[in-house]
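Student: Task: produce atomic coordinates for the following.
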Amino acid sequence: MDSEIQFAQDEEVSSPLRDEPTTESFDNENIPPARISPDDDFQREELPEKPDQRVIAVSSVPNLHSVLADATREEEKRKSTPDLSFVAMVRQVSVESLMELARPFFDSRQSTALENPDAVTTSTSFGPVVENYYDMFEQKFDDATINSLTKPELEAAIDALKDQILALPSEKHHSERASMVQKLILLRLKIQEIEDFNPKSAGITSMGHHFTHSPIFRHMSKRGRHCEVCGQLMIFAPSQFDCTACGFSCHERCISSIARNCVAEQVLMKPAYILEICPEKGLDTQNFACAECRKAFPMDKPEVWEAQTIRLCDYNGKYYCTVCHRNDLAVSPGRAVKNWDFTPRLVCRQSKQILQMLASHPILNLQEVNKDLSAQVEGIARVQDLRARLAVLHRMMLDCEEAPQIALLHKLPSSRKHFLTKSSAFSLNDLIDIDKELLVKELTDFSDALEGHVRVTCPSCFLLSTYCATCKKEGDKLYAFEGRVAACATCGANLHKACSVTDPLCTDCRKKARAV
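Tutor: As a prediction, the model looks like this:
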């Protein structure tokens, strides 16, 4: 055993790696100078001479991590350099290809990276950063100057702008170049829209839909949208048509095959929800066919159910094919008012449209549908109290002669105007916001703003406070919108709630009643 230990020690001492000097051991005079062959590739530098000794230091091999970091940084700088090759061919490149090539010039984050490449520490690939890259064009495309140009004028403007872009130095004017490229793309899109326009396509109607040819920016803002009839993607489709009433989109060639009525007409004629929870009645009631397009389901094939080619709509309880039902999610109004359940469920395309159009309509009367819901959900009770308060404040504001009250009333969105009346009507969006604890805060802030006008800002509204018409307690003036106030059952005079419990009539009304 001792011989093995001695052998290991001898081997360790004689190891050539142990004999090589390091920069940390240069101060040790017991270590002889390193002997380096002229064939070695190491870099050398002369160190200051010591008495009777000269040492040659060997620089360390570059760290692998630093090499990779430098390579990555160079690659990022290369990626951050804009590619302008498409500018020279802007008239020849297809619109869809042009949009992808110009993507970095419409991306604010990429513009920052282009202006300061050294600050980039992560990948700056020109992938999408915004949620929908095409959504911005509906605003950018609405340019009065561009829209007033004819096709020859647009082509001349493109040629002039193209030369200006290519003349800019590549290392400067990043913001200016991005702005010019954006305008160049919009000019090209305007030409495409002029070429796609067909005057014969105006006024097409089918199944209650009123179709118009969709502008090209609408194609882009609907990126990922499918034709509602054939199910194919409609990106830059020159023959795309939209219903002006409900937004139904399809190819021109598919208009004659539409099976779905315009839901806007249905909503206007009968704005009501199906409140029964998933009223499924079975495929036999549909003759084993899609409820919309009437395409027969291959019931003899077992893989039909495994592949989910037959899909149930949770809203109306009917079965649909994969074109008419694309697994869209929506909150079921029946589940919301009966179970206070706002979990999104799978619905067909038609139901999705109906629910979207009805979402802001106050057509859910909770007193009729589920009168116990306000006792079970605290948010509903608080909203009803705020509604009663706002109804009184609203009447006071309408009687006020001061101009600022007009601006105050407009602070409440039009979709919430029904809260200015005493009723039990709610929209589906109202219930969703109550569940998210958003509606109570919104109505409270609006109520506080109106109350501030009455109590502080407006001298005429300030004088509307009165003493209790029963107890007439001095120093305790009441406003009709206060929670501690009740109204006389006959004349509507302000009473303390405690006083109204004893007698709902004020003193004057009681005297008149006795005199009769």
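Student: Can you tell me the closest non-neighbouring residue to Ala102?
Tutor: Leaving aside its sequence neighbours, Ala102 sits nearest to Ile185 (CB to CB, 6 or more residues apart in numbering; 5.1 Å). (C-beta placed from N, C-alpha, C; glycine too.)
Student: a helix runs through the one you found, doesn't it?
Tutor: Yes - assignment of Ile185 by DSSP: H, G, I helix; E, B strand; the rest coil places it within a helix.
Student: Neighbours of it, how many?
Tutor: Neighbourhood size, Ile185 [other CB atoms under 10 Å]: 25.
Student: One more: Glu368?
Tutor: Using other CB under 10 Å: Glu368 sits among 10 other residues.
Student: measure it to Ala359 for me?
Tutor: Relative to Ala359, Glu368 is positioned 19 Å away (CB to CB, to the nearest Å).
Student: picking up where we left off before, now do the residue nearest to Ala102 against Ser148, distance only.
Tutor: Using CB to CB, Ile185 is found at 18 Å from Ser148.
Student: One more: Gln192?
Tutor: From Gln192 to Ser148 the distance is 17 Å (CB to CB).
Student: same question for the one helix or strand Val383 maps to, mean pLDDT?
Tutor: Val383 is part of helix 378-399, with elements assigned from DSSP states H and E. The average pLDDT for helix 378-399 rounds to 88.
Student: okay but Phe481 is in contact with His394, surely?
Tutor: No - in this structure Phe481 lies outside contact range of His394 using CB atoms under 8 Å: 9.4 Å.
Student: Can you give me the neighbour number for Lys270?
Tutor: Residues near Lys270, counting by other CB under 10 Å, number 7.
Student: So Ser175: helix, strand or coil?
Tutor: helix.
Student: let's number from 73 now, not from 1
Tutor: From this message on, residue numbering opens at 73, which makes the last subject Ser247.
Student: tally of neighbours for it?
Tutor: 11.
Student: again, but for Pro224
Tutor: 8.
Student: Model confidence for it, exactly?
Tutor: The model's pLDDT for Pro224 equals 86.
Student: State the helix or strand in which the closest residue to Ser169 other than its chain neighbours lies.
Tutor: In space, and not counting its chain neighbours, Ser169 is closest to Phe158: 7.8 Å by CB to CB, 6+ apart. According to DSSP H and E, Phe158 maps onto helix 157-160.
Student: Pull out the buried residues from that helix.
Tutor: Across helix 157-160, burial judged by 16 or more other CB atoms under 10 Å covers 158-159.
Student: Same question for stretch 483-498.
Tutor: 484, 488, 490-492, 496-498.
Student: ok, and what's touching that stretch?
Tutor: 432, 434-440, 455-456, 458-460, 462-463, 466, 499, 501-502, 514-515, 518, 521 (CB atoms under 8 Å, 6 or more residues apart in numbering).
Student: Just the buried ones among these, please.
Tutor: Looking at the contacts of stretch 483-498 with 16+ other CB under 10 Å, the buried ones turn out to be 432, 434-436, 438, 455-456, 458-459, 462-463, 466, 499, 501-502, 514-515, 518.
Student: What are the boundaries of the strands in the stretch 473-588 of the chain?
Tutor: For the stretch 473-588 of the chain, the strands defined by DSSP state E, counting those that start in this stretch occupy 497-498, 557-559, 566-568.
Student: do the stretch 273-422 of the chain as well
Tutor: 276-278, 281-285, 312-315, 321-323, 383-384, 391-392, 400-402, 417-419.
Student: In TSV, list those strands along with distance to Glu300, mean pLDDT and mean neighbour count.
Tutor: Shown next, in TSV, are the strands of the stretch 273-422 of the chain (distance: least, CB to CB, whole Å; pLDDT from 0 to 100; neighbours: other CB atoms under 10 Å):
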stretch	distance to Glu300	mean pLDDT	mean neighbour count
strand 276-278	12	87	15
strand 281-285	10	85	20
strand 312-315	9	84	23
strand 321-323	5	87	22
strand 383-384	15	94	18
strand 391-392	12	95	25
strand 400-402	12	95	16
strand 417-419	14	96	20
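Student: Select, out of these, the one closest to Ala228.
Tutor: strand 281-285 (25.8 Å; CB to CB).
Student: Just checking: what are the partner strands of that closest one?
Tutor: Partners of strand 281-285 in the sheet, by DSSP bridges, are strand 276-278 (antiparallel), strand 312-315 (antiparallel).
Student: any chance of the ones you listed in JSON lines, with distance to Lys367 too?
Tutor: Listed next are these as JSON lines, based on distance: least, CB to CB, whole Å:
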{"stretch": "strand 276-278", "distance to Lys367": "19"}
{"stretch": "strand 312-315", "distance to Lys367": "22"}
